Every structure is written in structure tokens, then in C-alpha cells.
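The sequence and its predicted three-dimensional model are supplied below.
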Amino acid sequence: MEIKKLIEESYLLRRAYVSDDVVRALDNLKKYSNVKSRDFLFPSGKEYNGWMVPKKWDVKEAKILRNGRIVYDGLKHPLGVITNSSSFVGKVSKKKLVEHLHFAPNRPDAIPYHFRLQYRPWESDWGFCVPKTLYNSLKPGTYEVVLKTTLIKGVMVSREFILAGKSKYTIIFVAHVDHPGQANDDLTGCAVGIALLNELAKRYRKPRYTYKLLLTQEILGSVFYLHTMKKQELTALTYGLFLEMLGNKNTLHLQKSLLGDTYIDRVAMLALRKFRNPRISDFRESAGNDEIVFEAPGIEIPMPSISRWPYPEYHTSDDNLKIIHESKLQESVKYLLEMVFILEHDWVLTRIFDGLVSLANPKYDLYVDPGQIIGGGLHKNKALEGFQYQMPRYLTGKYAISDLAAIFEIDFGWLVDYFKNMEKKKLVSLSGI
Ligand SMILES: [Zn+2]
């Protein structure tokens, strides 16, 4: 499946938090999904912990004129008007006008993203986002502003995609579907998530865990999603991963969960071994997103995030299709599949023998000669040697395959095969994590 296509269809929509365009984008994405979905609806004005669902917003007309000639048309790009701007029609001096213009200081030709009013529905302002070059070229004089927007009661729509597993314990992937006129942040996370769940549905008919993908409004959507969720479902949410900015040309960047050493952190780190030059940051040292909501007190769902942060086009109109690479989107799915492989094949190991076992005896055939090429992604023979000598003492019912993969720096998949063999030879029992 070509993932970039999903982004191409929706990135130029004016995806304010509460808008028809955000629903259009969700519907565009859903067309490609092979799994079930359900919507979460939060009406404008709904409040929780001081967060408030904003009104539904749209722009009808957005012109700045001087001497009857259009100087700027804010409708030409979805970022041209500040999100949730109120209407203003009237004549203003240049001095007054520039108080309502915003530009990106470091990218003179790009239009920046102004999002603040969506988080502060109790504030009201009007304004445009413009290229710095246009801002600098404005001549003194009187300007006519025709900015007509609608701010009416509406519904904030978040959509959850579900692949049910054997267990109710759920791994939730989260991405945000808002951000008008931008591609990498974060339609790439949405599209990669859709492609991932499709692939999981193909590979695992009934996976060990339940997998969810939440496409929502940054911070706000997650706040209300978690707040309105039934207690039972909330407690089933075991681990999360935020998917963000996955199409630009950087290598993968893992940001750890708040505690940094949870099980999902270990899985995320192990999966990263197969990818070139990954970067790793502590909590909130890379791009900040909804992990802050999932990690909030009383909710406390460990949520690392995977991104390709940073990139210079961030939060401007330059965050467009030109910087999105299909190979990077595909690599992101591959990474997530690697994570899921670990989640689905990890077992706790308990020995069913005492004393030293001759692993080389043909009836076991489990001796791995460190002098041979044994393949399977083993890092180095030294690691294998250590593994062979020490591993039997780790089979205590306290360690999982992922622990040994981390301790001995040995490929997880190779270890799965090894311990499956050991189980067949009745030397070890494998139990669920
Ligand atoms: Zn953003």
C-alpha cells in the first residue's frame, strides 16, 4: 500500500480541531483501513480540568486590500488565517494591521502555523499568517480587511481503529489528525498507523494483545477520549506509542516514556536495533505530544513516541508533500511491525531442569558454537558466549526473552527460535508476559 497517497489526499484540508475538514480527513483515512472503527464525539463547550472543546470553525473570506487591490488572500493556503480566528471587517492602519499578522522568522517564504486559540476558546482574536517577505513589503497607509469566519457550536470528532486480540490488554498507537495544510505533522503518523493496523490484521489473525489506533486532536482529543472512556476500557489500555512526523528524511527518533524503563520502552529500544543511526531522547526532550496526557497522574499509561524530529519545515507551509518520502513511511511501518513482533512473541522463561545440561547432546542439539557463523542477526560471538554460559541461571520465571535480548545484546527473533526449541526439548516452559 502506498502510504504517501493517504497524506496527499488530506494535507491541504483546513483541519482545525472542530471542523468539517477534520472529519473529511478522518473519512479519507478510513477508506484505506481494513479494521473496525468507532467515533468519539465531544461537543463544543465540553470542559474537563480546564480544557474546553472549541467551537467549529471555518473561513469564508480572508482578504487584505490596499487601494482596492488584494495584497493577501488568506484562503489560498489553509494556514493563511490563524486557526479559530474571529471575523473582522474594516479599515486599519498598517501599524494596527501588523499587530494581527504572524510570520515565520527563519523561513521568509513560508506561512507559519498559529494554533493557540484552539486551546483558549475563552480568548478571541483575528489574524492572518503570512510569509515574512510579504510582511516586509507592506507599504504605509490604510488597509481594508475582509475576514469572514464562522465559529459555531459543533462536535470534535476523534476516531479509534481497533484490531481485537485474545486479551483485552491493549496497546494504543496515537497520532493527531489536525494541523491545517501540513503533511508530516502529523498526517504521516495517521497514515503509518492505518498501514500498520492493516498489516497486523493480515499477519495476526487473532493477536495476543488488542491493538488500537487513535486519530485525534492534539492534546485536547486525548484529554476527552481518556476522560469519557469507560473505566474497564481505560484500565485495559496497557501501553501506548505516539506516532509523529514519520515522513521526513531523518533517521528514527525514539522518545522514552516518562519513567523511561517500562516494558514498552524496552520493546521500543530492542526494535530500534534493526534501524540505522537511530536517535534516543528522554521524555519530552524530543517533540512533545499527547504522551503528556496519557502519562498524566491517575492515567499513567507509559507512552514513548517515535518520530523523525526535528526538521526545519516544522509548523509552516513548507511541511508539505515535498519533504515526505514513501521509503521513510514504509520504514516506519517496518519499525512498528518489529515492535509488535516482540510484543507478540515475548515469553517468560522457567527452566524444568536442575544442574548443567549438555546442550551439545544430539537429543537437545542446543549448543551454539561461538566459533561458528550462526547468523540470525547475532551481534558478536562474545555476546553469544556470555549468553550460553549464563542463560540457564536466568530461567527463573522472572525474566522474559526480551530481558535476555537486552542483557546479552542478542537478536530477539533468534532467541525466540532458540527457546521454542528448548521448550520442545522439555527444558524450559514459556508463559505469557
Ligand atoms: Zn505540531
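Thanks, I have it.

For stretch 159-173, measure first residue to last.
This stretch, stretch 159-173, spans 12 Å end to end (Cα to Cα, to the nearest Å).

which parts of it are buried?
159, 160, 161, 162, 163, 165, 169, 170, 171, 172, 173 (16 or more other Cβ atoms under 10 Å). The C-beta positions use only the backbone N, C-alpha and C, and glycine is treated the same way.

just stretch 320-333 next, same as before
320, 323, 324, 325, 328, 329, 330, 331, 332, 333.

residues in contact with the fifth one?
Yep, that's residue 328 we're talking about. 246, 247, 248, 249, 308 (Cβ atoms under 8 Å, 6 or more residues apart in numbering).

Can I take it that residue 211 is in a strand?
Yes: counting by DSSP: H, G, I helix; E, B strand; the rest coil, residue 211 is located in a strand.

Got the phi and psi for the nearest residue to it once chain neighbours are set aside?
Of all residues not flanking residue 211 in the chain, residue 163 sits nearest, at 4.5 Å (Cβ to Cβ, 6 or more residues apart in numbering). Phi and psi for residue 163, reported as degrees, to the nearest 10, are phi -120, psi 110.

and the buried residues of stretch 320-333, which of them are in helices?
Using DSSP state H, the members of the buried residues of stretch 320-333 that fall within helices are 328, 329, 330, 331, 332, 333.

got any ranges where the stretch 51-200 of the chain has weak pLDDT?
Of all residues in the stretch 51-200 of the chain, none has pLDDT under 70.

Identify the residues contacting the residue lying closest to residue 351 once chain neighbours are set aside.
Leaving aside its sequence neighbours, residue 351 sits nearest to residue 395 (Cβ to Cβ, 6+ apart; 3.6 Å). By Cβ under 8 Å, 6+ apart, the contact list for residue 395 reads 349, 350, 351, 428.

Report the separation between residue 395 and residue 417.
With distances taken as Cβ to Cβ, to the nearest Å, residue 395 is found 16 Å from residue 417.

just residue 430 next, same as before
Taken as Cβ to Cβ, the span from residue 430 to residue 417 is 12 Å.

now swap in residue 120 and tell me
Taken as Cβ to Cβ, the span from residue 120 to residue 417 is 55 Å.

same question, residue 326
Applying Cβ to Cβ to residue 326 and residue 417 gives a distance of 32 Å.

How is this protein divided into domains?
4-53+155-345, 56-152, 348-431 (automatic domain parsing).

Check which helix or strand the closest residue to residue 20 other than its chain neighbours maps to.
Once flanking residues are discounted, residue 20 sits nearest to residue 58: 6.9 Å by Cβ to Cβ, 6+ apart. Counting by DSSP states H and E, the element that carries residue 58 is strand 56-66.

Direction included, what does that strand pair up with?
The strands beside strand 56-66 in its sheet (DSSP bridges) come out as strand 69-73 (antiparallel), strand 142-152 (antiparallel).

Pull out the buried positions in the first one.
When you say that, I think you mean strand 69-73. 71, 72.

Other residues contacting it?
Counting by Cβ under 8 Å, 6+ apart, residues outside strand 69-73 touching it are 62, 63, 64, 65, 80, 128, 130, 134, 138, 143.
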